[in-house]
Every structure is written in C-alpha cells, then in structure tokens.
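sequence first, predicted coordinates after that:
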Amino acid sequence: MKSGKSAALLLMAAAMLGLLLANSPIGSSLIEFKDFHVGFGAINLDLSISHWVSDLLLAVFFLVAGLELKYELTKGVLSKFSTALLPVVAATGGVVVPALIFFSFTAGTELAAGWPIPTATDIAFALGILAIFGSGMPAAARIFLLALAIFDDLVAILIIAVFFTAEVKLVWIGIAAGIGIAHFFIEKFQSKLIVPIRFLTFFLLWYSVYQSGVHATIAGVMLGLIIPAKKSHALVDKVQPWSNTIVLPIFAFFAVAIALPSISGSFSPVFAGILVALPVGKVLGITIFGLLAMRFVSKEARLPLNWQDLVGLSALAGIGFTVSLLMTNLAFKGNLEVIAEATLAVLVGSLISMGVGGAIVQQRSRFHRKQSRLANKAQ
C-alpha cells in the first residue's frame, strides 16, 4: 500500500475497468448506479453515488495534498525563495502553456470553459511512473517533480475555489473558518484524542464547505494546512497509502466509467485541445520555463538536472488524470457528450505522457547510473 509503483498500476487498472464496464452490456446499469442518489434530507445533503465519491472521498486525496503543501511551504523545498523558484517557475509554465494551447482550440466558444483541464498534474501517478522507470535518476528529480506537482495542485485548488463556485454562502464560509480556527488550537493543546478529533473536524469542515457552495474537496486542503507541519509527514505516511490504494482507484473507476461517444462523427475542439495540451503543452511549458529559471537562480539553488532530464520529468507532469478528470466534470457539468470526449482525451493524453515520460526517464536513468559507475571508478 505504500508503494508508488503499485499505486500507479492500481490507478490505471481501476480506470480501465471503469471504461470497459461502462461500454459493456452492463454499462447502462453502471451509469444508472453512478447517478443513483443517496441523501439525508434533514441536513440538506442529497448526492449521487458519483458525487459522494468526487466530493467526499476525493477530499481525502486533497487532505494529503494539503499536508504535503503545508510541509513544503514551511520546511521543505518551497520554504525558501531560492530553492522554490525553479519548480514554481517551471510549474507556472506547465499551467500557462497547456491552458493557452487548449484555449487556441476552443476560443470564442463556450467550450473554452474547460481551459483548466490540461493544467493539472496527478502527483500519485507521476511519482509512481517515476518510481517504476526512473529508479536511477538523481534524488533531485523526485524533489523537482514533487514540488512542481504540489504547486500545480495549489493552482488547481485555487481554480476550483474561484472558477467553479457559482454562489458562495458567506455564513457557511464563516462556520467553516470557525471550525478551522478551533481545530488549529486543538492541535496545539490536545494529543490523546487528536485522531478522533481530526476525523470529526474533517467531516464538519467538509459539510460546511459543501453547504457554502465551494467545491467540498477544498475541506481536505483546509485541514491539511491547519495541521502543524511537524506532524504532517507522519500523517501523510498513514493516510497516503489508503488514498493511493482505495480513494484514487475508486474515483478513477467512477470518473472514467462513461459511455464513449461515437467515432463516426467528428469530435468537438475539446478533444483535440486536451489531447495536445496535456502531453505537448506540459513538456514545452515546464522545460522552457524551467531552463529559463535555471539561468537566473544561484548556483546553490540549481538542481543537478539537465535539459534532457527536464523533458522527461515534464512529460510525466502531463499525466493529468485525477485532477484533470475532476476539472472535466466541473467545467462541463451536465454536458454528458463533451464530458465523455474530454474524459477520453484526458485518458489518451495521460497515456501518451506516461509512455513518453517513462521512456525518457528510463533512458536518463541508464545514463545517470553509467555516470555514477564512472565516477566511482575514478575515485
């Protein structure tokens, strides 16, 4: 459960199973099950099965993202301006360029609302593929990809909060803030009952954020940022295995369980926009912005990575998957045909990024192992 390799393979297997079953003879039953509502009317909570997964279950994934973000911002790579500059600038390119590519395909149409879809990077998937194919890469490669993906997640969180919130109920925002402040002080003074208290805070925050109109997954990020950084690593070690092996595969299964559109007709610009933006836009954006940042940071802040390494890592960052699928459902809510096309494009684009990135980092791993052997012989 703690293996990044296993997490990546399980995630892909769950997605493929969902896609196959949705387009099999039992597909209509599966889709009806996804849309079946389970609710609690007394507390104004009525969601479909798929929304329980994407709103509540996925909040656990965002809790892990929040914990990692808190640690990196206070004690890790992103805590110092000099060391944060390279991955942050590179990640900015990885957001801006794919968004511009997508927008170039859809400009002037209502489909342009899907511009956030190709900006996302799936942390678990990208790091899992790096673990499988890039075991010989320098340690700096994982640090760079992790920091880049975390900053990318921060951007995704802001996009969800700003662009996919139709109406904000300030009273519920205030309640969520009050719960967060109370938990902040509890973390300082309570230790014996902190585990059940964290569970309670998580659900109370989730419910408050859901009622506020902001996407409920933000509750996971809030709790992750509230928990002290010194406790975040230990908590990530406990929660991440469950997130990687249960939460993300279930989300992937439901998100990809869609009836594929007929290929007899032409696809909308959304399909081509995502298909180009994810694998191509990420490579261009991250590599170009990363190389520019390398020229301006101090020698101490530079990572021992050359342009070939950056190309391989940026290709892995094109694995959008989890967050891209979430963005797809948020951007085109109710438009099932476009959601199907966008989901297929995210799958294909992520597979291309996976294949290209995996091949490049495998080749670079061989190169770095050879260089290491030569250096050892010289000593």
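That came through, no problem. Numbers count the residues shown, from 1 in each chain.

isn't Val89 right up against Phe289?
Yes - if you go by C-beta atoms under 8 Å, Val89 and Phe289 touch, sitting 5.2 Å apart. C-beta: built from backbone N, CA, C; applies to glycine.

mind listing what's buried in stretch 196-204?
Within stretch 196-204, the residues that count as buried by 16 or more other C-beta atoms under 10 Å are Arg198, Thr201, Phe202, Leu204.

out of those residues, flag the one nearest to Phe254.
Distance to Phe254 across those (C-beta to C-beta) is lowest for Phe202, with 20.8 Å.

show me the contacts for the closest residue to that closest one other than its chain neighbours.
Using C-beta to C-beta, 6 or more residues apart in numbering and skipping residues adjacent in sequence, the residue nearest Phe202 is Leu223, 5.6 Å away. Counting by C-beta atoms under 8 Å, 6 or more residues apart in numbering, Leu223 touches Leu63, Gly66, Gly180, His183, Arg198, Thr201, Phe202, Leu205.

OK, contacts around the residue nearest to the second one when sequence neighbours are not counted?
Distance criterion C-beta to C-beta, 6+ apart; nearest residue to Gly66, sequence neighbours excluded, is Gly224 at 2.0 Å. Under the criterion of C-beta under 8 Å, 6+ apart, the neighbours of Gly224 are Phe62, Leu63, Val64, Ala65, Gly66, Leu67, Glu68, Leu69, Lys70, Ser232.

what pLDDT, on average, does the helix or strand containing the last one get?
According to DSSP states H and E, Ser232 maps onto helix 229-242. When pLDDT is averaged over helix 229-242, the result is 87.

what does stretch 44-59 give?
Averaged over stretch 44-59, pLDDT sits at 88.

what does it contact?
33-40, 202, 206-207, 210-211, 215-217, 219-220, 247, 250-251, 254-255, 322, 326, 329.

need the buried ones from those selected in PyMOL.
Filtering the contacts of stretch 44-59 down to the buried ones (16+ other C-beta under 10 Å) takes a single PyMOL command:
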select buried, resi 34+202+206+207+210+211+215+216+217+219+220+247+251+254+255+322+326+329
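
among the contacts of stretch 44-59, which are located in strands?
Among the contacts of stretch 44-59, the members falling in strands (DSSP state E) are His37, Val38, Gly39, Phe40.

wait, which of these is closest to Ala99?
Within the ones in strands among the contacts of stretch 44-59, proximity to Ala99 (C-beta to C-beta) peaks at His37, which comes in at 33.9 Å.

mind listing what the closest one touches?
Asp46, Leu47, Ser48, Ile49.

now, which of the contacts of Leu223 sits nearest Pro228?
Checking these one by one against Pro228 (C-beta to C-beta), the nearest turns out to be His183, at 11.1 Å.

quickly note the distance from the closest residue in space to the closest one that isn't next to it in sequence to Ile117.
Of all residues not flanking His183 in the chain, Thr201 sits nearest, at 4.5 Å (C-beta to C-beta, 6+ apart). Using C-beta to C-beta, to the nearest Å, we find Thr201 at a distance of 31 Å from Ile117.

do the same with Gly224
Distance, Gly224 to Ile117, by C-beta to C-beta: 24 Å.

beta partners of Leu45?
Per DSSP bridges, the residues bridged to Leu45 are Phe40.

mind listing what the residue nearest the centre of the chain touches?
Taking C-alpha atoms, centre = their mean, the centroid of the chain lies closest to Asp122, which sits 3.7 Å from it. Residues counted as contacts of Asp122 (C-beta under 8 Å, 6+ apart) are Ala149, Ile319, Gly320, Phe321, Thr322, Val323, Ser324, Ser350.

what about 10 Å?
Contacts for Asp122 (C-beta atoms under 10 Å, 6 or more residues apart in numbering) come out as 8, 11, 61, 128-129, 149, 152-153, 248, 252, 316-325, 346, 350, 353-354.

for it, which non-adjacent residue is spatially closest?
In space, Asp122 is closest to Phe321, 4.0 Å off (C-beta to C-beta, 6+ apart).

any chance you could map the helices in the stretch 151-300 of the chain?
Ranges of helices within the stretch 151-300 of the chain are 170-189, 194-212, 218-226, 229-242, 248-256, 269-276, 282-296, based on DSSP state H, counting those that start in this stretch.

in a markdown table: those, plus distance to Ala112.
Output for the helices of the stretch 151-300 of the chain, formatted as a markdown table (distance: least, C-beta to C-beta, whole Å):
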| stretch | distance to Ala112 |
| --- | --- |
| helix 170-189 | 28 |
| helix 194-212 | 27 |
| helix 218-226 | 24 |
| helix 229-242 | 35 |
| helix 248-256 | 22 |
| helix 269-276 | 9 |
| helix 282-296 | 18 |
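
looking at those, spot the one closest to Ser104.
Going by C-beta to C-beta, the one of the helices of the stretch 151-300 of the chain nearest Ser104 is helix 269-276, 7.6 Å.

Thr287 contacts Leu313, correct?
Yes - Thr287 is within contact range of Leu313, at 8.8 Å (criterion: C-beta atoms under 10 Å).

more neighbours: which of these two?
Using other C-beta atoms under 10 Å as the criterion, Thr287 and Leu313 rank with Leu313 on top: 30 against 24.
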